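1. Take this sequence and fold it.
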Amino acid sequence: MAATLTLAALPAIAGEAGEEGAKAYKIETTSALKLKKGEKGDAHVTIVPRSDAHVSPDAPLSMALSAGPSVQLAKTKLGRADGTATPQKGVDFAIPVTAAAAGKDEVKGQLSFFICTEKLCERQKRDVTVPVTVE
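-> As a prediction, this is how the structure comes out:
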């Protein structure tokens with residue numbers, strides 16, 4: 001039976017983007033989003049834990065977003081309710097965007113979450129970027 005960590009135990013073992021925790025997952029993003037002016041689309045950011053890890057379902061999870069002038073964001077802050085759990089015990093964020101003006105732009109985000117294994121539960125902060133081309 002696997003050991004279960006409770007949220008109350010987190011402060012004693014949680015670190016700020018520790019090296020061990022950083023090895024327990026990868027971040028996948030939409031490689032490039034292409035839209036026509038006025039068109040809507042979704043940029044994706046997915047936390048993919050390795051097989052012995054998971055994104056904590058009890059700890060805070062958020063992503064602060066920004067974009068340049070060619071892209072309008074529906075929201076500038078995403079939380080747990082905006083993410084979808086993945087079969088690998090990760091989280092996928094679909095970021096709704098609208099193409100505002102022709103040009104090359106990007107959606108930037110700062111992702112904050114806790115990655116957990118049987119031995120640790122560490123807070124992670126990662127910057128992500130999704131390139132967007134508006135035609």
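2. Let's see the pLDDT reported for Ala9.
-> At Ala9, the pLDDT value in this model is 32.
3. What of Gly21?
-> At Gly21, pLDDT is 82.
4. Equivalent analysis for Met1, please.
-> 33.
5. Repeat that for Ser51.
-> 94.
6. okay, now the residue nearest to it when sequence neighbours are not counted: neighbour count?
-> Excluding the flanking residues, the one nearest Ser51 by Cβ to Cβ, 6 or more residues apart in numbering is Gln88, at 7.8 Å. For the C-beta atoms, the positions are set from N, CA and C on the backbone; glycine is no exception. For Gln88, the count of nearby residues is 17 (other Cβ atoms under 10 Å).
7. my guess is Gln88 meets Ile47, correct?
-> No. If you go by Cβ atoms under 8 Å, Gln88 and Ile47 don't touch, sitting 9.1 Å apart.
8. Grab the nearest non-local neighbour of Val97.
-> Of all residues not flanking Val97 in the chain, Val71 sits nearest, at 5.1 Å (Cβ to Cβ, 6+ apart).
9. I figured the one you found hits Pro131, correct?
-> No. The pair Val71 and Pro131 fails to qualify as a contact (Cβ under 8 Å) at a distance of 10.3 Å.
10. Of these two, which one has the most company?
-> Counted by other Cβ under 10 Å, Val71 and Pro131 do not tie: Val71 has more neighbours, with 24 against 15.
11. got the contact list for Leu33?
-> Gly41, Ala43, Val97, Val107, Val130, Pro131, Val132, Thr133 (Cβ atoms under 8 Å, 6 or more residues apart in numbering).
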